[in-house]
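Enquirer: Let's see this in three dimensions:
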Amino acid sequence: MRIVVHGGQPLNGTFRPSGNSNSAIALTAAALLTNEPVTLYGMPDTLSTAATLESAQALGVEVKRDGAVCHLQAGGLQTRFLAEEVTDGQVSAILFLAPILARRGHARIELPPPLSRYHTHLAALRDLGVDVQASGTVLDLHAERWESREITLLQASVTTTALVCMLAAVLGQDTTIRNAASEPHVQDLQHMLVAMGAQIGGIGSNLLHIRGSETLGGAEMTLSPDHIEVATVASIGAITHGSLQIEGVKPEHLRLIVRVLARLGMNLYLNGSTLLLPAQDGLMVSQADEDLDVPIETAPWPGFPSDLVAMTTVVASQARGMTLIHEKLFSNRLLFVDKLTAMGAQIVLCDPHRALVVGPSKLRGGYMDTPDVRTGLALLGAALCAQGTVTIDRAELIDRTFENVVSKLVALGAQIEVAQP
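Expert: Got it, this is the predicted structure:
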């Protein structure tokens, strides 16, 4: 999909975020742990959730959607084998191993190479006592019930934590997990497992204690609003000199994000479940003594999310002053800055983890493609505050994680046209 963006239009109005796509993926996999019905509210209509539901149907799950309400029932799993055409190359498809192992004891999965991408996941499975045999990119796994296990994850990985929690909820009598991820979408999964009959202590922390149940029941669950979408849209509103009211947020998911963005001059106010962005003339990097020479750093939750590093870099390019962005978690998240410098931003990429941004810069129109799903919405934000017209190719990648984001932004005043390929 190709879109044409006419920049310079402020975003104004009321915005309501969709449910968290990462929650939707994990909760769909968890629905396969029981043969009783599961209902998910706030299910976003994204490419990633559509692919996940298709994978669930291929495994024999009955899926019924009514807008944002999704009904799932896995009476029986039709296969133990997750072929590559079923997983569609999604790393998150490894989550389906949990219900297959929990209900049938054996599983086989074909993964796109390299297997090193799955090192943390496979190490955790082996620590739980799961037998994992690899033949090329095909894995055969066998799991049995355990009385007591205590494991420490190699990384605070969201996918690994979700996988281990689901297995522990059914196969383990008593399981302790250290260095667990604690993002909002992980908490959504843990709350649903509790609703299904498991006992989980430490939700929201990196130390979990799970007492499983051999038979989990059905459940109803409302997905958390997507905090990344909330913060991103608020940021786009700020750099376009707009005024927004974002409703239906969870303040506990945004407090640190609001504090970090305040260092770039964004005035955001939490009022219950509403986030307010009043109009302001321009952004300025904090000049407080305690903020000087202090980078904006990403960290595992509850730290500043890596998924916001691209949008934060765009905001820094529009704020008067100098900002050092330090992406501590991933080595490739800042490589998109060449797209911004081509638009006129003043950014020095010090190394794959650090970028020095000097603002404000007048961004100009032109052509760009969307390098990946995490930076696509940030580049769209840059286009919306640019002078002139920006053409963005491969814009469908934005819809992989965010629901109907282009039409939502148009409703707020953005001038975006969908062009023919």
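Enquirer: Show me how the record splits this structure into domains.
Expert: As assigned by automatic domain parsing, the chain contains the domains 2-18+225-419, 21-222.
Enquirer: I figured Val390 hits Ala383, correct?
Expert: Yes: contact criterion CB atoms under 8 Å: Val390 and Ala383 qualify, at 3.7 Å. Every residue, glycine included, has its C-beta placed from N, CA and C.
Enquirer: Can you add mean pLDDT and give the domains of the chain back as JSON lines?
Expert: As requested, these are arranged in JSON lines below (pLDDT from 0 to 100):
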{"stretch": "domain 2-18+225-419", "mean pLDDT": "93"}
{"stretch": "domain 21-222", "mean pLDDT": "94"}
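Enquirer: could you dump the ones you listed to TSV with mean neighbour count?
Expert: Below are those laid out as TSV (neighbours: other CB atoms under 10 Å):
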stretch	mean neighbour count
domain 2-18+225-419	19
domain 21-222	19
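Enquirer: Next, the contact list for Lys64, please.
Expert: Lys64 makes contact with Cys70, His71, according to CB atoms under 8 Å, 6 or more residues apart in numbering.
Enquirer: which SS state does it fall under?
Expert: For Lys64, the assignment made with DSSP: H, G, I helix; E, B strand; the rest coil gives strand.
Enquirer: and the gap between it and Cys70?
Expert: 7 Å (CB to CB, to the nearest Å).
Enquirer: What is the subsequent helix or strand relative to the strand or helix carrying Ser23?
Expert: Remark: Ser23 resides in helix 21-31, with elements defined by DSSP states H and E. As assigned by DSSP H and E, the chain's next helix or strand after helix 21-31 is strand 38-41.
Enquirer: Note down every partner strand of that next one and its orientation.
Expert: strand 69-73 (antiparallel), strand 219-222 (parallel) (DSSP bridges).
Enquirer: chain center to the last one, what's the gap?
Expert: Pointing back at strand 219-222 there. Its chain's C-alpha centre lies 20 Å from the corresponding centre of strand 219-222 when counted by CA atoms, centre = their mean, to the nearest Å.
Enquirer: Alpha carbons of it, as CSV, please.
Expert: This file holds the C-alpha atoms of strand 219-222, laid out as CSV (Å, rounded to 0.1, in the frame of the first residue of the first chain):
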residue,chain,number,x,y,z
ALA,A,219,-12.9,-17.0,30.6
GLU,A,220,-13.8,-13.6,29.4
MET,A,221,-11.1,-10.9,29.1
THR,A,222,-10.9,-7.3,28.0
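Enquirer: who touches it?
Expert: By CB under 8 Å, 6+ apart, strand 219-222 touches 19, 27, 34, 38-42, 188, 191-192, 195-196.
Enquirer: now do stretch 370-378
Expert: By CB under 8 Å, 6+ apart, the residues outside stretch 370-378 that reach it are 232, 307, 310-311, 313-314, 333, 335-336, 339, 379, 392-395, 397-398, 400-402, 405.
Enquirer: Just the ones of the residues you listed in strands?
Expert: Using DSSP state E, the subset of these located in strands is Ile392, Asp393.
Enquirer: Tell me who's in contact with the nearest residue to His119 once chain neighbours are set aside.
Expert: In this structure, His119 finds its nearest non-sequential neighbour in Leu154, 7.4 Å apart by CB to CB, 6 or more residues apart in numbering. Leu154 is in contact with His119, Thr120, Ala123, Ala124, Thr160, Asn179, counting by CB under 8 Å, 6+ apart.
Enquirer: Nearest residue to Ala56 in space, please, no chain neighbours.
Expert: The nearest residue in space to Ala56 (CB to CB, 6+ apart) is Thr28, at 5.5 Å.
Enquirer: quick one: Met166 from Asp188, how far?
Expert: For Met166, the distance to Asp188 equals 13 Å [CB to CB].
Enquirer: Pull the residues that contact the helix holding Ser23.
Expert: Contact with helix 21-31 is made by 38, 40, 43-44, 46, 48-49, 52-53, 56, 61, 70, 72-74, 92, 95-96, 98-99, 158, 162, 166, 183-186, 188-189, 192-193, 196, 221, 223-224, 226, 401-403, as judged by CB under 8 Å, 6+ apart.
Enquirer: ditto for stretch 84-103
Expert: Contacts for stretch 84-103 (CB under 8 Å, 6+ apart): 25-26, 29-30, 32-33, 48, 51-52, 54-56, 58-59, 74, 77, 80, 82, 106-107, 109-112, 117-118, 121, 125, 130, 141-143, 159, 162-163, 166-167, 170-171.
Enquirer: Looking at these, which are in strands?
Expert: Using DSSP E, the members of the contacts of stretch 84-103 that fall in strands are Leu82, His106, Ala107, Ile109, Glu110, Leu141, His142.
Enquirer: and the third one, bridged to which residues?
Expert: Right, Ala107. Following DSSP bridges, Ala107 is listed with bridge partners Leu141.
Enquirer: Give the closest residue to Gly218 in space, chain neighbours not counted.
Expert: For Gly218, the spatially nearest residue (CB to CB, 6+ apart) is Glu36, at 3.3 Å.
Enquirer: pretty sure that neighbour contacts Gln73?
Expert: Yes: Glu36 is within contact range of Gln73, at 7.3 Å (criterion: CB under 8 Å).
Enquirer: Tell me where the stretch 251-400 of the chain has helices.
Expert: In the stretch 251-400 of the chain, the helices defined using DSSP state H, counting those that start in this stretch lie at 255-262, 309-317, 337-343, 373-384.
Enquirer: Turn these into TSV, including distance to Trp301.
Expert: Listed next are those as TSV, based on distance: least, CB to CB, whole Å:
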stretch	distance to Trp301
helix 255-262	9
helix 309-317	14
helix 337-343	24
helix 373-384	16
